[in-house]
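> please find the sequence and the predicted model below.
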Amino acid sequence: MCRGLGTQSGLAEELLGCCRGLTLCSLTAQGMITLILATDMARHAEIVDSFKEKMENFDYSNEEHLTLLKMILIKCCDISNEVRPMEVAEPWVDCLLEEYFMQSDREKSEGLPVAPFMDRDKVTKATAQIGFIKFVLIPMFETVTKLFPVVEEIMLQPLWESRDRYEELKQIDDAMKEKKTKGLTRGDSDKSREKSRDGKKSEDHA
């Protein structure tokens with residue numbers, strides 16, 4: 001009996017084990033494995049670049065082209081949270097960032113290296129989302145739009161709007177940060193002046 005496993009590689013091995021000796025089942029399992037492993041973000045650039053190359057002369061009768069298309073489409077499904085309305089997408093973004101921050105906190109406590117995009121001291125929701133939308137999501141969906149123009153209206157447009165919203169949020173964050181920095185600087189200057197005055201008073205009394 002097949003068991004449900006929680007990892008991509010574990011699930012792939014389980015599928016192959018279930019279908020060993022069954023040709024049709026094995027082929028189906030292999031196709032599923034290919035798509036499951038395509039969701040690994042470590043392979044994102046490789047898969048998108050390969051698909052872009054095939055886009056020049058895409059052939060629906062070519063099995064390799066179709067496999068790449070399936071891989072791209074499942075990737076679009078896998079990381080399409082920002083395509084959804086803000087009230088739906090936002091809670092998931094918060095959960096993901098908190099997961100990253102908890103991991104980086106643990107890594108710091110154990111003296112392990114921390115990925116910059118997971119460090120709560122270096123990243124904000126706005127900066128994280130702007131980078132992900134601009135450099136991961138939009139380029140991928142733009143490529144898919146060449147085959148399916150309708151994608152622009154129903155998927156790219158929401159991504160552009162989400163990018164603009166986070167850029168506005170970043171401007172607000174930056175303004176608040178600058179205001180806070182100026183306040184701290186002004187406070188330090190006031191303390192320095194007070195110390196200077198106290199020093200002069202001490203000299204006068206002496």
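Perfect, I can see it now. Numbers count the residues shown, from 1 in each chain.

> and the protein, what are its domains?
18-79, 81-190 (the TED database).

> can I get those in CSV including mean pLDDT and mean neighbour count?
Every residue, glycine included, has its C-beta placed from N, CA and C. Formatted as CSV, the domains of the chain follow (pLDDT from 0 to 100; neighbours: other C-beta atoms under 10 Å):
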stretch, mean pLDDT, mean neighbour count
domain 18-79, 88, 14
domain 81-190, 91, 14
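
> check contacts around Ile154.
When contacts are counted by C-beta atoms under 8 Å, 6 or more residues apart in numbering, Ile154 touches Val83.

> quickly find the element holding the residue lying closest to Val48 once chain neighbours are set aside.
Leaving aside its chain neighbours, Val48 sits nearest to Met140 (5.5 Å; criterion: C-beta to C-beta, 6 or more residues apart in numbering). Applying DSSP states H and E as the criterion places Met140 in helix 138-147.

> so which elements touch the next helix-or-strand element following that helix?
Where DSSP H and E defines the elements, the next helix or strand beyond helix 138-147 is helix 150-151. Packing partners of helix 150-151 (3 or more C-beta pairs under 8 Å, 6 or more residues apart in numbering; DSSP states H and E): helix 138-147.

> next up, identify which helix or strand the spatially most central residue of the chain is on.
Centroid-nearest residue in the chain: Phe132, 4.6 Å away (criterion: C-alpha atoms, centre = their mean). Element membership of Phe132, judged by DSSP H and E, is helix 125-132.

> next, the angle from that helix to helix 138-147.
For helix 125-132 against helix 138-147, the angle by axes from the mean of the first three to the mean of the last three C-alpha atoms, to 10 degrees is 40 degrees.

> could you find the closest non-adjacent residue to the residue nearest to the centre of the chain?
Closest residue to Phe132 apart from its sequence neighbours, by C-beta to C-beta, 6+ apart: Glu82 at 7.7 Å.

> what of Pro158?
Nearest residue to Pro158, sequence neighbours excluded (C-beta to C-beta, 6+ apart): Val83, at 5.0 Å.

> OK, contacts around that neighbour?
Neighbours of Val83 in contact, by C-beta under 8 Å, 6+ apart: 89, 154-155, 158-159.
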